[in-house]
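pasted the sequence and its predicted model underneath.
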Amino acid sequence: MGVLAAGSEIPAFLPELVALVGGAAVIGYLSSRAKVVPIVGFLLAGVLIGPEQLGLVGEREVVDAAAEVGVILLLFTIGIEFSLARLASIRRLIGIGGGLQVGLATALTTAIALVGGVPTDAAIFTGLLVALSSTAIVLKVLDERGGTGSERGQGAVGILIFQDLAVVAMVLAVPLLAGEGGGPADVALALGKAVALIVAVLVVARRAMPPLLDAVARTCSPEVFLLALVAVCFGTALASAALGVSVSLGAFLAGLVVSESRHGTHAFGEILPLQILFSATFFVSVGMLLDLGFLLEEPLLVAGAIAATVTIKVVATVIGARVAGVALPSAAAIGLLLAQLGEFSFVLDELGRSEGLSPLDMGDDGSQALIATTVVLMVATPLLATLGERIEARMATRPRSAGTGTSVPPPADGRADRVVVLGYGAAARSLVGELRRLGAPFTIVTQDPDAAAQAEADELDVLVGDYAKRAVLLEAGADRARLLVVADDAGERTERVVGIARDLNPGAPIVARPTHHLDVEDLAEAGADHVVTPERASDIGLGIAVRSILGDGDGSTVPLSQVVRFVPERDGPCPHLELIVPVQPSAYGCEDCLRIGSTWVHLRICLTCGHVGCCDSSPHRHARAHADGDGHPLIASLERGDEWAYCFLDGSTIHPATAG
């Protein structure tokens, strides 16, 4: 394909693509500034630029194709986030709570529709649409409010997991409702194909996937790893389509297979930006479906649909959560949190329309009512969540009567308040040995599959992933860590990782040990509190810094982000005061002791160049040695509470100037 020459015609797709992506970015930004979930912004962007309003995007073919890719990637990432262990930990909430919620919501909606004269197939189809909630919006709201680990959050997550699993069965059920090959033999054949695909993916692929991902990861190429993931995702989706099964099922199973390998976290971090881009396109495409004219023409229909949806969802969710053991206040909050319709309701609606089904058997009006209801409730989700929290708080203050059920305590967060070690080279392995001896809990994050295999063999907590990605750091618990250590990495990459880690966890100390030279000031500006540079310290220096921060060290350490400005008294006895300038510590401890693997008693800093050395009470007296060798006689104490300097040439003590 050649490059466009000057004056050549603009490709037809380009203006619409710019309107699509630019509109989503601008309105998403405004939504974020207004503290609104970005997905809501994407929906509103679609409403605004769609063919029924401004008409900036008229051709839907490219948008629909990108939206299909977004759905596949969304299901793939959901599969990656799943694991058999995660499912087992909240199996009661998933199986009982989620099963009852989906079943009751479907049954209630179906019953109401049947009473209104809707045909059975369309009534059941409408029930399936109403049963689903928005995983993306609910999890985003919970994450922003820190509620994922609460009873409310755990209950919502369990029900959402069942809903996401139920989508697979619903996708298979829609053609059967439409009467496509509806005989028992055809139903058995469809289910048999689905079972065959599940068995093939979970058995054969689970055997092939770990060595395949190991081999790809050893290339240390993010591009190759990402391409391999996309190939696995779409290859499995293609295989499922060839068997006559939904591509969504194939994508979800592909993600589940990847999640069971040690590269699940790594894969999630790599695929997430791609998934966000195409998923945003999906939500924009949903907003483009809304016709504001229909909303104005049929306000009573839309209002009735919204009221019925909220009532049905709250009733079904509260009953499901209560039977699963969730306390009533939290169950009420979960009901309001899940009261919206989900993104996969659109997927089912489009599938149903291709099979001749529509919500309430109302054709295009039914689809427009569904779209309007979904968009309005998605936008209202943060408000409903706030209302649920207030109701939960008010109900929780009332005394409970006997027989109200048992609450489900949130599981303990095993990766909070621990040391996160990023990298697993020689220095990091030495540090891990120190941490094990100290009994300090820690998590290792590495992209090297061989290093990860060794850590797993040593029964260490290890994640495989690129820790320059926020998603991987969050999975490792970097946002709740007691201490973060960036070890054994190139200088520029170390600076980038330190910056991301500092943004996630503003309060935790960060120790950096780059393998190549990097200006200490640059790392300090990025957020590092202590820097162990390779030319100034052996591997033991990393352990000394970490032990000191954890309160188990033999001597104090110096924050490298500080600048020492010693202002001497005006008429001091020393004639060398003109040598004093503002200095930054050259190392977090005595750099000569660090180089030879020794320790110190007290630390001193050269007021001319910033060299950090040990005092005369230390075994090697490196501060004095530096003064003799470099001709910098003035040092200041770096010990807490000390406010004095000293001149080695004339033996005088210098006090700081007093304010006056």
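Yep, that arrived.

residue 499 against residue 528, yeah?
No: the criterion here is C-beta atoms under 8 Å, and residue 499 misses it with residue 528 at 9.3 Å. Quick note: C-beta positions are derived from backbone N, CA and C, even for glycine.

who's more crowded, the two?
residue 528 (31 against 17; other C-beta atoms under 10 Å).

how far away is the more buried one from residue 178?
Distance, residue 528 to residue 178, by C-beta to C-beta, to the nearest Å: 60 Å.

this protein: strands as residue ranges?
Along the chain, counting by DSSP state E, strands occupy 419-422, 442-446, 462-464, 483-489, 510-514, 530-531, 603-606, 612-614, 634-637, 645-647, 653-654.

what is the burial count for residue 599?
By the measure other C-beta under 10 Å, the count of residues near residue 599 is 17.

can you check residue 450 too?
Neighbour tally, residue 450, other C-beta under 10 Å: 12.

so for this protein, the centremost residue is which one?
residue 471 (3.9 Å; C-alpha atoms, centre = their mean).

list the contacts for residue 527?
By C-beta atoms under 8 Å, 6 or more residues apart in numbering, the contact list for residue 527 reads 498-499, 501-503, 510.

and the pLDDT for the nearest residue to it once chain neighbours are set aside?
In space, residue 527 comes closest to residue 502 once its chain neighbours are excluded; the distance is 2.8 Å by C-beta to C-beta, 6 or more residues apart in numbering. The score at residue 502 is 88. That number is its pLDDT.

these two touch, right, residue 502 and residue 523?
No: in this structure, residue 502 is not within contact of residue 523 by C-beta under 8 Å, at 10.5 Å.

around residue 633, count how many other residues there are.
21.

I meant residue 525, not that one.
With other C-beta under 10 Å as criterion, residue 525 counts 13.

for residue 483, give me its contacts.
419-420, 508-511, 546, 549-550.

cutoff 6 Å now
By C-beta atoms under 6 Å, 6 or more residues apart in numbering, the residues touching residue 483 are 419, 508-509, 549.

could you chop this protein up by domain?
Here the domain parsing of the chain from automatic domain parsing is 13-393, 419-549, 577-654.

tell me which of these sits nearest to residue 565.
Residue 565 lies closest to domain 577-654 among the domains of the chain, at 4.6 Å (C-beta to C-beta).

straight-line length of the closest one, end to end?
Start-to-end span of domain 577-654 (C-alpha to C-alpha, to the nearest Å) is 9 Å.

and for stretch 457-467?
End-to-end distance for stretch 457-467, by C-alpha to C-alpha: 21 Å.

same thing with stretch 79-89?
The first-to-last residue distance of stretch 79-89 comes to 16 Å (C-alpha to C-alpha).

where does the stretch 401-550 of the chain have low pLDDT?
For the stretch 401-550 of the chain, applying pLDDT under 70 flags the ranges 401-416, 489-491, 516-521, 533-541, 544, 548.

for it, what spans make up the helices?
Using DSSP state H, counting those that start in this stretch, the helices found in the stretch 401-550 of the chain span residues 426-438, 449-457, 470-476, 491-504, 520-526, 540-549.

if I look at residue 646, how far off is residue 633?
Going from residue 646 to residue 633 by C-beta to C-beta gives 9 Å.

residue 609 now?
As judged by C-beta to C-beta, residue 609 and residue 633 stand 12 Å apart.

how far does the top helix by length along the chain sit from the chain's center?
For the chain, the helix with the greatest residue count under DSSP state H is helix 364-396. Once both centres are worked out by C-alpha atoms, centre = their mean, to the nearest Å, helix 364-396 turns out to sit 24 Å from its chain's centre.

can you mark which positions in it are buried?
Using 16 or more other C-beta atoms under 10 Å as the test for burial, helix 364-396 gives 366-382, 384-385, 387-389, 392, 395.

can you check which of the helices of the stretch 401-550 of the chain gets nearest to residue 317?
helix 470-476 (27.4 Å).

distance of residue 585 from residue 124?
71 Å.

these two: which is more packed in?
residue 585 (26 against 20).

am I right that that one is in contact with residue 612?
Yes: at 5.1 Å, residue 585 counts as touching residue 612 under the criterion of C-beta atoms under 6 Å.

need the overlap of contacts for the two.
Shared contacts of residue 585 and residue 612 (C-beta under 6 Å, 6+ apart): residue 605.

and residue 224, how many neighbours?
Around residue 224 there are 13 residues (other C-beta under 10 Å).

please apply the same query to residue 39.
Residue 39 has 23 nearby residues by other C-beta under 10 Å.

gap between the two ends of stretch 199-213?
End to end - C-alpha to C-alpha - stretch 199-213 spans 20 Å.

picking up where we left off before, now the domains of the chain as a markdown table including distance to residue 571?
Output for the domains of the chain, formatted as a markdown table (distance: least, C-beta to C-beta, whole Å):
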| stretch | distance to residue 571 |
| --- | --- |
| domain 13-393 | 56 |
| domain 419-549 | 34 |
| domain 577-654 | 10 |
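
between these, which gets nearest to residue 568?
Of the domains of the chain, nearest to residue 568 by C-beta to C-beta is domain 577-654, at 5.0 Å.

and that closest one, what's its mean pLDDT?
What domain 577-654 shows for mean pLDDT is 87.

over to stretch 368-383?
86.

residues near residue 122, how many?
Per other C-beta under 10 Å, the neighbour tally for residue 122 reads 23.

list the contacts of the nearest residue to it once chain neighbours are set aside.
In space, residue 122 comes closest to residue 361 once its chain neighbours are excluded; the distance is 3.7 Å by C-beta to C-beta, 6+ apart. Counting by C-beta under 6 Å, 6+ apart, residue 361 touches 118-119, 122.

now, among those residues, which is nearest to residue 322?
residue 118 (29.4 Å).

burial check on the closest one, number of neighbours?
A count of nearby residues for residue 118, using other C-beta under 10 Å, gives 21.

i'd like the first residue to be 18 from this point on
I'll keep to 18 as the first residue from here, and by that count the last item is residue 135.

that one reaches residue 375, doesn't it?
No: using C-beta under 6 Å, residue 135 is not in contact with residue 375, being 10.2 Å away.

so residue 635 touches residue 618, yeah?
Yes: in this structure, residue 635 is within contact of residue 618 by C-beta under 6 Å, at 4.5 Å.

these two - which one has more neighbours?
Per other C-beta under 10 Å, whichever of residue 635 and residue 618 has more neighbours is residue 635, with 21 against 16.
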